[in-house]
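Asker: structure for this input, please:
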Amino acid sequence: MSRKSNGGRTSVRVVPAAGAVLYRMDGGSARCAVVHRPRYDDWSLPKGKVDPGESLPVTAVREIAEETGFSAALESRIGTTAYPLKENTRKEVTYWSALASGGGFEPNSEVDEIRWLPVDEARDLVSYALDRKILTRFAAARPVDSVLLLVRHAKAGSRSEWSGDDSSRPLDRAGRTQAELLVPMLRAFGVRRLHSAPRVRCEQTVGPLADELGVGVAVEPVLSDEAYLDDPVTARERVVEIAGGDGVAAVSSQGTAIPGLVGDLAGLAGIDVGDTSTKKAGAWGLGFDGGTLVFADYYPSPLPVR
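Answerer: A predicted model of the protein is given here:
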């Protein structure tokens with residue numbers, strides 16, 4: 001990946017990477033994983049470069065597993081740090097908060113020690129100011145008790161070229177590819193429950209993940225575009241109800257309902273999320289504390305980093 005100057009010449013080559021503040025709860029407080037890398041003799045947050053074919057969330061979860069031995073479910077996006085590698089090259093690392101969900105550490109070629117520490121102690125131990133900045137943001141964030149992914153259906157061709165009932169319009173070839181690419185991205189957030197507005201294209205968007213997980217897709221009549229416009233309060237209440245179920249859920253819906261729902265939830269919570277327009281196969285990661293929205297992170301595409 002490269003960035004160009006105003007004159008059109010390539011000025012900086014960007015190396016994308018991803019990582020996380022991996023944490024687990026000890027009583028009522030979080031303990032964060034800090035890793036020691038013998039190659040650099042430093043203490044840092046788990047992170048690494050994007051492999052070909054990966055999106056940033058997928059990279060973050062893979063790197064966590066490789067460096068710490070723990071599986072994890074991503075939550076909120078904390079931020080992106082950048083630092084120079086060499087002349088005309090910069091590394092950009094996007095970080096999430098990530099809840100450890102199982103596994104165990106064994107020394108490996110990259111990491112020979114891991115420590116689980118309260119945030120303040122982790123901040124004191126890490127070797128780099130940029131890691132301290134990320135830990136400070138993690139500590140300042142409001143805790144969440146549930147996460148939900150709100151996904152717009154993938155591409156389904158032109159409505160004008162479909163002669164049947166529009167609710168039966170299926171994904172086209174590009175849309176089917178997008179649906180397949182959504183699988184690893186949604187799994188990075190720990191999705192294990194699937195819901196869909198009553199549209200074939202919405203159900204097909206989460207179909208590949210349903211097949212991989214071996215679960216069904218619950219149809220949600222109140223979450224179509226028409227139902228949302230008719231009764232936005234009921235639609236919003238249903239999203240919050242789904243989020244509060246057992247395990248992370250993904251809901252596939254449409255291009256009017258999703259921006260409206262995100263805007264409504266954010267407005268009630270006093271959160272400024274900016275433009276809520278959502279591209280096809282785009283997703284919103286939503287975190288809740290009870291029924292109140294805590295964060296809303298937009299992921300415009302499941303496509304790999306280029």
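
Asker: stretch 263-283: end-to-end distance?
Answerer: Stretch 263-283 stretches 14 Å from its first residue to its last (C-alpha to C-alpha, to the nearest Å).

Asker: need the helices for the stretch 101-250 of the chain, in chain order.
Answerer: 119-125, 129-140, 173-188, 200-205, 207-213, 225-230, 232-243 (DSSP state H, counting those that start in this stretch).

Asker: so which of those helices is the most packed in?
Answerer: Mean neighbour count, computed with mean count of other C-beta atoms under 10 Å, is highest for helix 200-205 among these, reaching a mean of 25. In short, each C-beta sits where N, CA and C put it, glycine included.

Asker: now do it: distance to the chain's middle.
Answerer: How far helix 200-205 lies from its chain's middle: 20 Å, per C-alpha atoms, centre = their mean, to the nearest Å.

Asker: check stretch 42-50 too.
Answerer: On C-alpha atoms, centre = their mean, the centre of stretch 42-50 falls 18 Å from that of its chain.

Asker: list the buried residues of that stretch.
Answerer: Within stretch 42-50, the residues that count as buried by 16 or more other C-beta atoms under 10 Å are 43-48, 50.

Asker: again with stretch 54-69
Answerer: Buried residues in stretch 54-69, counted by 16+ other C-beta under 10 Å: 54-64, 67-69.

Asker: then stretch 266-276?
Answerer: Buried, per 16+ other C-beta under 10 Å, within stretch 266-276: 266, 269, 273, 276.

Asker: show me the buried residues of stretch 54-69 that map onto helices.
Answerer: Using DSSP state H, the subset of the buried residues of stretch 54-69 located in helices is 56-64, 67-68.

Asker: and this protein, what are its domains?
Answerer: Per automatic domain parsing, the structural domains of the chain span 2-140, 146-299.

Asker: export those domains to CSV and tack on distance to V305 and mean pLDDT?
Answerer: Shown next, in CSV, are the domains of the chain (distance: least, C-beta to C-beta, whole Å; pLDDT from 0 to 100):
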stretch, distance to V305, mean pLDDT
domain 2-140, 5, 93
domain 146-299, 12, 97
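
Asker: so which of the ones you listed gets nearest R306?
Answerer: Of all the domains of the chain, it is domain 2-140 that lies closest to R306, at 9.1 Å by C-beta to C-beta.

Asker: need the outlier residue of this protein, farthest from its centre.
Answerer: S163 (35.9 Å; C-alpha atoms, centre = their mean).

Asker: can you report phi and psi for that one?
Answerer: With angles defined as degrees, to the nearest 10, S163 sits at phi -90, psi -10.

Asker: CA atoms only for stretch 117-131, dumped as PDB, please.
Answerer: Extracted in PDB, the C-alpha atoms of stretch 117-131 (Å, rounded to 0.1, in the frame of the first residue of the first chain):
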ATOM      1  CA  LEU A 117      -1.400  -7.000  34.200                       C
ATOM      2  CA  PRO A 118      -3.900  -4.300  35.400                       C
ATOM      3  CA  VAL A 119      -4.000  -1.500  32.800                       C
ATOM      4  CA  ASP A 120      -1.800   0.900  34.900                       C
ATOM      5  CA  GLU A 121       0.900  -1.800  35.300                       C
ATOM      6  CA  ALA A 122       0.800  -2.800  31.600                       C
ATOM      7  CA  ARG A 123       1.200   0.900  30.700                       C
ATOM      8  CA  ASP A 124       4.300   1.100  32.900                       C
ATOM      9  CA  LEU A 125       5.800  -2.100  31.500                       C
ATOM     10  CA  VAL A 126       5.400  -1.500  27.700                       C
ATOM     11  CA  SER A 127       8.500  -0.200  25.900                       C
ATOM     12  CA  TYR A 128       6.900   2.300  23.500                       C
ATOM     13  CA  ALA A 129       4.900   5.500  24.000                       C
ATOM     14  CA  LEU A 130       2.500   4.500  21.200                       C
ATOM     15  CA  ASP A 131       1.500   1.300  23.100                       C
END
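
Asker: nothing else from me, thank you.
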